[in-house]
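**Q** Model the following, please.
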Amino acid sequence: MGRFHPEVEPHHLDIDPADYENAYVVGDVHGCPEPLDRLLSTLGVTDDDLVAFVGDLVRKGPDSASVVERVRNADNMFSVRGNNEEKLLRGEKSLDALSDDQLKWIKSLPVAITVGENLIVHGGVDPRRPLDEHTINDLQNTRSLVPGGSYDQPYWYEEYAGPPRVFFGHTVLEDPVRTEWAVGLDTGCVYGGTLTAYDLHAETVTAVPALRGGVERSDAKIVDVAELR
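**A** This is a model prediction of the structure:
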């Protein structure tokens, strides 16, 4: 694994997968505790299994506080800090339901998690630059390689050739992205899609549907993976 930017390194968590029986990476939960509990139940997660989240545990869904407590109180669960967590910390958005202790916990979250040879970030990486040149903002918000083009192709993961293999959220997808070097797991749970997990050992994907209609979102901001080049 390459070195991180000096801004990022203090916010990097390294996890040894050998410490756990199974290891899963989960997409953006966005304050939806019910699908999260259903997904963990479907996977049969125990305290001996690792569960790592790609960030955006909060906002938009019905109960961010419950999601925060679910992850915060589990010794085997970890999450990177997504752009929606960052918006709370910067005061750009607020959630009255979150306590000061919960916000303090959110502030303590890493920006990058490594699990063996896998890197977990919220947004992604720019394939045109080495990993150690990526700032916190880069790792949280990278999506399109077009200047100013949030949902314009090419997306970073279309051009990225690794290593390391990067797991990410942030970009809302019809289905998970799975390339040799990138795995995208934000399948729009809060928008009426699914909540998705990737099994690092079995190399398989498991998804559960959202039960509610979800927050409205433009079709232009949901990537149809089948149409990628």
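
**Q** Quick check: end-to-end length of stretch 71-78?
**A** End-to-end distance for stretch 71-78, by CA to CA, to the nearest Å: 7 Å.

**Q** what comes up buried for it?
**A** Judged by neighbour count (16 or more other CB atoms under 10 Å), stretch 71-78 contains these buried residues: Val71, Arg72, Asn76, Met77, Phe78. (Each C-beta comes from the backbone N, C-alpha and C, glycine too.)

**Q** The fourth one: what's it in contact with?
**A** Just to be clear, that refers to Met77. Remark: with contacts taken as CB atoms under 8 Å, 6 or more residues apart in numbering, Met77 is in contact with Val51, Ala52, Phe53, Arg70, Val71.

**Q** farthest pair in the buried residues of stretch 71-78?
**A** Using CB to CB, the two most remote members of these are Arg72 and Asn76, lying 12.1 Å apart.

**Q** how about Arg212, what does it touch?
**A** If you count contacts by CB under 8 Å, 6+ apart, then Arg212 has Pro62, Gly192 around it.

**Q** Could I get the full set of strands for this protein?
**A** Using DSSP state E, the strands of the chain run over 12-15, 23-26, 50-53, 77-79, 112-115, 118-120, 165-168, 177-178, 182-184, 194-199, 204-209.

**Q** JSON lines for the ones you listed, including distance to Pro154 and mean pLDDT?
**A** Converted to JSON lines, the strands of the chain look like this (distance: least, CB to CB, whole Å; pLDDT from 0 to 100):
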{"stretch": "strand 12-15", "distance to Pro154": "27", "mean pLDDT": "98"}
{"stretch": "strand 23-26", "distance to Pro154": "23", "mean pLDDT": "98"}
{"stretch": "strand 50-53", "distance to Pro154": "26", "mean pLDDT": "98"}
{"stretch": "strand 77-79", "distance to Pro154": "28", "mean pLDDT": "98"}
{"stretch": "strand 112-115", "distance to Pro154": "23", "mean pLDDT": "98"}
{"stretch": "strand 118-120", "distance to Pro154": "20", "mean pLDDT": "98"}
{"stretch": "strand 165-168", "distance to Pro154": "15", "mean pLDDT": "98"}
{"stretch": "strand 177-178", "distance to Pro154": "13", "mean pLDDT": "96"}
{"stretch": "strand 182-184", "distance to Pro154": "12", "mean pLDDT": "98"}
{"stretch": "strand 194-199", "distance to Pro154": "22", "mean pLDDT": "98"}
{"stretch": "strand 204-209", "distance to Pro154": "23", "mean pLDDT": "97"}
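
**Q** Cool, thanks, talk later.
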